[in-house]
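# fold the stuff below for me.
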Amino acid sequence: MPALHRSTLLLAVPLTLVAALMAPQAAGAVQPLLVSTAMTASILSPADGDTVGGADVFVDALGSVDSVAGGGQPESLTLLVDGTVADSQACSAAPTPTSCESVLDWNTNGAALGAHQLTVELTTTLTTSAPSTPVNITLIALPAPAVSITTPTAGSTVSGNVTITATGSVDPSLGDFPLFMGLLVDGTLVGNIKNCPATGSTCTLSFPWDASALPGTHTLQVGIATDQNDALSAPVVVTVFNPPPVAVITAPLASATVSGFTTVTAVGTVDARGGDAPQSLEFLVDGVSEGDAGCAATALTCSRSMAWNTAGLVGRHNLQVRFTTKHTSVLSPVTTVDVAPLLTKLQLDGQRLIRRGAQVSVTGVLYTSGGSVASSAPVQVTFTPAVGQPVTVSATTNTRGRFVAADPLPVLVNTRVRAVAGAAYGASAAGEMLSVSTPITCALPAKAKHGVKVTVTCNAPLLPNGVAVTLRDLDRGTHVLATAKAKNGRVRLTFSLPKKRKYPLEIWATTAASARYGPTLSPVYRIRAL
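Numbers count the residues shown, from 1 in each chain. All right, here's what the predicted structure looks like:
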């Protein structure tokens, strides 16, 4: 088959000028326009017998005049297809004032396929040439260019950022060449159209496709446009699977028992194949946010810890984290924990026996269930006397978990002390009993005769009336020498010394312990029996 001509370049062709002269006319006579034999028009391409195709067929034409013969200057070239004007182009001064070369365009839309005849005519400033020698051509339907997607293959599963590669080609013998290609996803152009190389009949290009937020099935196609035609590739159906992010609570473990300030640790992870990136981790307690923290957008894993204050949350509670990424947000599985109250450990100052009318203070240390101290925690200490109304005072632990609380009232009777630290802490054990004593001093002689009664006066200014005071002989197994009741802060006791001894007797006064008072001891006195 003859070559299909498709040229947009003007060819420099040597011209042979033919003179076209007009016969002289009498002065003042009318000058008729005659067809001059000194004017020529010709078709340089396509050649006679060629096959052409496409939406536009370009015809290279040449016209010339013989200036000596008086044919005038070239003005335009006209293309006729089957005797009908198809296109006309004005001449320029180049290459010479006596010649005209131009590319004429035949728009074949609506033209019948098959044989057609092409001719051109040259028009000058004076006349028009005869039609050129006819060129017989055959108009055919050009075959579509070939284009196909090479990667990914049909039925593939892809994730994240995907690269689509396609190859298009044309038949160079038809004068065609590829111009550009573009990617279509589900029939919609995605991204920019890419130009093909300026040379060659094959075009291979790659297109990026961000499928990180498009799970499911999608249809890919690549379109190609050539100089003379365009085409779409066969559809390639792929499945996009982007692995979802995962969030878990790593501490505490499910069903754990916690209390006080508890550390909650969580980890969020994204899959590198999905093109995702972490953004934040948010802690939830019983569905209520406890605050969130940002993640490094360049990492695939995000770890965060939260100091969770369980104050006021005794019982069972649900923990979760919300992991937010570039494309989505997920919740971790629920971690259920039991919040136990913190026990208050009391440490009493000084002796367990305190003086009546004095002020009592206690110190304590607040511990978490894990054994660490709870700092800056509120503490309430209640002093409950054996008779009377309880008195509650407030204290706060320091950085070492210690607190000090004092009863602002004078202590008159035995008092039980109990501490409670906030709503999330349990009370101390049943409480600590502080026994109240009343000091007793007695006046005893250093020497006394055997068998002679001795009267002893003991002073107990804080001892209520009616409280029994006993005088005892320590040497004889705390033998009772005498007993009397206090009255107005004084006690009078009368007793006889035992038989004469070679060593002094050790005698003291004491009161018995009761719900109101602790046992009271006087100093030990020594008396020599004469």
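# drop to CA atoms for contacts and neighbour counts, all remaining ones
Noted.
# apart from its chain neighbours, what residue comes closest to residue 493?
residue 456 (5.1 Å; CA to CA, 6 or more residues apart in numbering).
# can you give me the pLDDT of the one you found?
Note on residue 456: pLDDT of 91.
# for residue 99, see how far away it is.
Distance, residue 456 to residue 99, by CA to CA, to the nearest Å: 160 Å.
# likewise residue 141?
On the measure of CA to CA, residue 141 and residue 99 end up 35 Å apart.
# more neighbours, residue 456 and residue 99?
residue 99 (25 against 16; other CA atoms under 10 Å).
# where in the stretch 401-530 of the chain is pLDDT low?
Along the stretch 401-530 of the chain, the parts satisfying pLDDT under 70 run over 422-430, 475-477.
# which stretches in it count as helices?
Ranges of helices within the stretch 401-530 of the chain: none, based on DSSP state H, counting those that start in this stretch.
# which residues of the stretch 351-500 of the chain fall in strands?
Along the stretch 351-500 of the chain, counting by DSSP state E, counting those that start in this stretch, strands occupy 353-355, 361-366, 378-385, 391-396, 402-406, 415-420, 425-426, 432-437, 441-443, 447-448, 453-459, 468-473, 479-485, 490-496.
# so which of the ones you listed gets nearest residue 275?
Across these, residue 275 has its closest neighbour in strand 425-426 (47.5 Å, CA to CA).
# run through this protein and note the low-pLDDT ranges.
In the chain, residues with pLDDT under 70: 1-37, 67-71, 93-96, 311-312, 342-344, 346-352, 368-371, 422-430, 475-477.
# and residue 124, how far from residue 133?
19 Å.
# so between the two, which is more surrounded?
In this view residue 124 and residue 133 are compared by other CA under 10 Å, and residue 124 has more residues nearby, 21 against 16.
# leaving out sequence neighbours, find the closest residue to the more buried one.
residue 74 (4.1 Å).
# the one you found against residue 101, yeah?
No - in this structure, residue 74 is not within contact of residue 101 by CA atoms under 8 Å, at 9.8 Å.
# list residues touching both of the two?
63, 91 (CA atoms under 8 Å, 6 or more residues apart in numbering).
# more neighbours: those two, which one.
residue 101 (30 against 27).
# for the closest residue to the more buried one other than its chain neighbours, give the beta-bridge partners.
Sequence neighbours aside, residue 62 is the residue nearest to residue 101 in space, at 4.4 Å (criterion: CA to CA, 6+ apart). For residue 62, the beta-bridge partners are residue 42, residue 101 (DSSP bridges).
# and residue 105, how many neighbours?
For residue 105, using other CA under 10 Å, the count is 18.
# residue 525 now?
The number of residues near residue 525, taken as other CA under 10 Å, comes to 18.
# now the strands: where do they sit in the stretch 1-150 of the chain?
39-45, 51-53, 56-65, 74-81, 84-90, 99-107, 114-124, 135-140, 146-151.
# of all those strands, which lies closest to residue 175?
Nearest of the strands of the stretch 1-150 of the chain (CA to CA): strand 51-53, 9.5 Å.
# please state the offset of that closest one from the chain centre?
How far strand 51-53 lies from its chain's middle: 61 Å, per CA atoms, centre = their mean, to the nearest Å.
# strand partners of that strand, parallel vs antiparallel please.
For strand 51-53, pairing defined by DSSP bridges yields strand 135-140 (parallel).
# I'd like the C-alpha coordinates of stretch 503-511 written as CSV, please.
Provided in CSV are the C-alpha atoms of stretch 503-511 (Å, rounded to 0.1, in the frame of the first residue of the first chain):
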residue,chain,number,x,y,z
TYR,A,503,16.6,-3.0,152.3
PRO,A,504,14.2,-0.2,151.5
LEU,A,505,10.6,-0.9,150.4
GLU,A,506,9.7,0.3,146.8
ILE,A,507,6.2,1.8,146.9
TRP,A,508,4.2,3.5,144.1
ALA,A,509,0.7,4.7,143.5
THR,A,510,-1.4,3.7,140.4
THR,A,511,-4.8,4.0,138.9
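# just checking, what packs against the helix or strand encompassing residue 204?
When elements are assigned from DSSP states H and E, residue 204 belongs to strand 202-210. Here strand 202-210 touches strand 161-169, strand 178-185, strand 188-195, going by 3 or more CA pairs under 8 Å, 6 or more residues apart in numbering; DSSP states H and E.
# show me what counts as buried in that strand.
Neighbour-count burial for strand 202-210 flags 202, 203, 204, 205, 206, 207 (criterion: 16 or more other CA atoms under 10 Å).
# that one pairs with which strands?
Assessed with DSSP bridges, strand 202-210 is paired to strand 161-169 (antiparallel).
# how far does the partner strand sit from the chain's center?
Relative to the chain's own centre, strand 161-169 is displaced by 32 Å; criterion: CA atoms, centre = their mean.
# show me what contacts residue 461?
Residue 461 neighbours (CA under 8 Å, 6+ apart): 438, 439, 440, 488, 489, 490.
# what's the burial count for residue 127?
Neighbours around residue 127, by other CA under 10 Å: 19.
# so residue 214 makes contact with residue 240?
Yes - Residue 214 is within contact range of residue 240, at 6.7 Å (criterion: CA under 8 Å).
# before we move on, back to that, save the strands of the stretch 351-500 of the chain as JSON lines, and put in distance to residue 146 too.
Formatted as JSON lines, the strands of the stretch 351-500 of the chain follow (distance: least, CA to CA, whole Å):
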{"stretch": "strand 353-355", "distance to residue 146": "106"}
{"stretch": "strand 361-366", "distance to residue 146": "82"}
{"stretch": "strand 378-385", "distance to residue 146": "82"}
{"stretch": "strand 391-396", "distance to residue 146": "84"}
{"stretch": "strand 402-406", "distance to residue 146": "85"}
{"stretch": "strand 415-420", "distance to residue 146": "85"}
{"stretch": "strand 425-426", "distance to residue 146": "79"}
{"stretch": "strand 432-437", "distance to residue 146": "96"}
{"stretch": "strand 441-443", "distance to residue 146": "123"}
{"stretch": "strand 447-448", "distance to residue 146": "137"}
{"stretch": "strand 453-459", "distance to residue 146": "124"}
{"stretch": "strand 468-473", "distance to residue 146": "122"}
{"stretch": "strand 479-485", "distance to residue 146": "125"}
{"stretch": "strand 490-496", "distance to residue 146": "126"}
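# and those strands: which comes nearest residue 274?
The nearest among those, by CA to CA, is strand 425-426 at 47.0 Å.
# ok so, going back, nearest to residue 509, of the strands of the stretch 351-500 of the chain?
Closest to residue 509 of these, according to CA to CA: strand 468-473, at 4.5 Å.
# does anything pack onto the closest one? Which helices or strands?
Helices and strands in packing contact with strand 468-473 are listed as strand 479-485, strand 505-511; criterion 3+ CA pairs under 8 Å, 6+ apart.
# partner strands of the last one, parallel or antiparallel?
Right, strand 505-511. In the sheet, strand 505-511 lines up with strand 468-473 (antiparallel), strand 520-521 (antiparallel), strand 525-529 (antiparallel) (DSSP bridges).
# and residue 281, backbone torsions?
phi -120, psi 130 (degrees, to the nearest 10).
# now it: how far from residue 144?
Residue 281 is 55 Å from residue 144, by CA to CA.
# one more: residue 325?
Plainly put, residue 325 is 46 Å away from residue 144 if you go by CA to CA.
# who has more neighbours, those two?
Legend: neighbour count by other CA under 10 Å for residue 325 and residue 144, higher for residue 325 (21 against 17).
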